[in-house]
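Asker: Okay, predicted coordinates and the sequence, questions at the end:
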Amino acid sequence: MKDIYMDHAATTPMDKQVVSAMNPVFEDVFGNPSSIHSFGRKARKYLDEARRTMAKSIHANEKDIIITSGGTEADNLALIGTAFANKDRGRHIITTVQEHHATLHTAEHLENQGFHVTYLPVGENGLVSVDDLKNALTDETILVSIMYVNNETGMIQPIREIGNVLKDYQEIYFHTDAVQAYGLLDIDVKEYGIDMLTVSSHKINGPKGIGFLYAANNVKIEALQFGGEQERKRRPGTENVAGAVGFQKAVDLAINNKTDRNTSYQGFKDQFISHLSDSGINFEINGDEKKSIASIVNISFPGTNVESLLTNFDLDGIAASSGSACTAGSVEPSHVLAAMYGENDERTTNSIRFSFGIFNTTENIEEAANRVVKIVKRLTT
């Protein structure tokens, strides 16, 4: 029995072309990009080329790309760095109740530092209301941080509409965590009014341990670490050149294959859902399927629970995940689904996220659906 990977929203396998791009750098490029001698200049050339590719993918200036260790660091830098650099103008921040913990826990930290945070609600469709955002804005607001695509439900948030609203508030920065959107959705930071944007390499078949934060030239931001003057004094530390080259290749592949990947992943999702429907098992899709990204579907299986589902899936060779935190004998409900349906709704503890990517084929999606149906029937009869 072959294992089937359906957890690409958690992480993705590195593309073989990415590995091939990185290997020569590991072998031949060891110089420090900050060194002025030939070894350093060679490393700097690779780093600069990677930065240009990243910037071009979101229609940004290469000088506005800050290379980080991943999405979490980028989110932390966006929120904490701008909050402390702009606290003289105000101490109010707006985000949502369904953000990734890289944003939520950072917002909670800022509350402990004397900032006021408004957490916007979401509807049962998993979407934030633009009107709610408008009503939350105050003279003290300095930052709005709303994720582009929710990592659990795949719901695409109204980022362009939010950006248009905030264009009338030049003193308020707009940050979006685009980790799940990048590579599948078109992104133009200038057209959309985005001041800061987070991306992570390992979500697009690149190496782990590297990401970037786009921060527009007008954004006043403080470094979180202390050291050298790398990344234009915004993020000290010797850059990960091999990782940057791998990230660059992953970006190239994602952007050049965006249309094909969307078509393929949507096909996998439709095939999977159709098979579940034909089987007659009881299930519900969480959120508005028509407003979700092609790569993610979050499904509630009434009469089951997360622990038994994930355990049985794993034993049957299916890798999937849940927003619920499973610990010994207990399940902490998904904060995203609790925000959508209420803390006591059974969907918060019986829902599974399936996410599609390059490890999938029509054949293994069909096989995965068969195994899921068999397991759900066994657990509900």
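Answerer: Perfect, thanks for sending it.
Asker: ok, Asp213 to His59 distance?
Answerer: Small correction: residue 213 is Leu, not Asp. When distance is defined by C-beta to C-beta, to the nearest Å, Leu213 is 16 Å away from His59. Any C-beta I mention is one placed from the backbone N, CA and C, and that applies to glycine too.
Asker: Which one of these two is surrounded by more residues?
Answerer: Leu213 (27 against 14; other C-beta atoms under 10 Å).
Asker: Pull out the buried positions in the helix or strand encompassing that one.
Answerer: Assessed by DSSP states H and E, Leu213 sits inside strand 211-215. Residues of strand 211-215 classed as buried by neighbour count (16 or more other C-beta atoms under 10 Å): Gly211, Phe212, Leu213, Tyr214, Ala215.
Asker: other SSEs contacting it?
Answerer: strand 65-68, helix 71-76, strand 196-200 (3 or more C-beta pairs under 8 Å, 6 or more residues apart in numbering; DSSP states H and E).
Asker: Return the list of strands paired to that strand, each annotated with direction.
Answerer: strand 65-68 (antiparallel), strand 196-200 (antiparallel) (DSSP bridges).
Asker: Could you say which of those strands is packed most deeply?
Answerer: Mean neighbours per residue, mean count of other C-beta atoms under 10 Å, is largest over the strands paired with strand 211-215 for strand 196-200, with a mean of 29.
Asker: so how far is that one off the chain centroid?
Answerer: Centre-to-centre, strand 196-200 and its host chain are 8 Å apart (C-alpha atoms, centre = their mean, to the nearest Å).
Asker: what does that strand contact?
Answerer: The contact list for strand 196-200, computed with C-beta atoms under 8 Å, 6 or more residues apart in numbering, reads 54, 58, 70-71, 74-75, 78, 82, 173-179, 182, 187, 189, 211-216, 219.
Asker: what does stretch 94-114 give?
Answerer: The contact list for stretch 94-114, computed with C-beta under 8 Å, 6+ apart, reads 71-72, 75-76, 79-80, 83, 91, 93, 117-122, 126, 128, 133, 136-137, 141, 143-147, 150-152, 177, 179, 335-336, 339-340.
Asker: Now do the strand holding Leu213, average pLDDT.
Answerer: Mean per-residue pLDDT for strand 211-215: 98.
Asker: circling back to that earlier point, adding distance to Thr12 and mean pLDDT, write the strands paired with strand 211-215 out as a markdown table.
Answerer: Shown next, in a markdown table, are the strands paired with strand 211-215 (distance: least, C-beta to C-beta, whole Å; pLDDT from 0 to 100):
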| stretch | distance to Thr12 | mean pLDDT |
| --- | --- | --- |
| strand 65-68 | 18 | 98 |
| strand 196-200 | 10 | 98 |
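Asker: Make JSON lines from the ones you listed and add distance to Val18 to it.
Answerer: Output for the strands paired with strand 211-215, formatted as JSON lines (distance: least, C-beta to C-beta, whole Å):
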{"stretch": "strand 65-68", "distance to Val18": "16"}
{"stretch": "strand 196-200", "distance to Val18": "14"}
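Asker: if we compare those strands, which one ends up closest to Asp252?
Answerer: Nearest of the strands paired with strand 211-215 to Asp252, taken as C-beta to C-beta: strand 196-200 at 13.8 Å.
Asker: So, low pLDDT: which residues of this protein?
Answerer: The chain contains residues with pLDDT under 70 at 324-331.
Asker: Report the residue ranges of every domain in this protein.
Answerer: Domain segmentation of the chain under automatic domain parsing yields 4-12+257-380, 16-256.
Asker: ok, the residue nearest in space to the middle of the chain to His100 distance?
Answerer: What sits nearest the mean C-alpha location of the chain, by C-alpha atoms, centre = their mean, is Val179, with 2.6 Å. According to C-beta to C-beta, Val179 and His100 sit 7 Å apart.
Asker: residues shared between the contacts of those two?
Answerer: Gly71, Met147, Asn151.
Asker: Not counting its neighbours along the chain, what's nearest the second one?
Answerer: Meaning Met147. Nearest residue to Met147, sequence neighbours excluded (C-beta to C-beta, 6 or more residues apart in numbering): Asp177, at 4.3 Å.
Asker: ok, how many other residues are close to that neighbour?
Answerer: Residues near Asp177, counting by other C-beta under 10 Å: 31.
Asker: Count the residues that sit near Ile352.
Answerer: 25.
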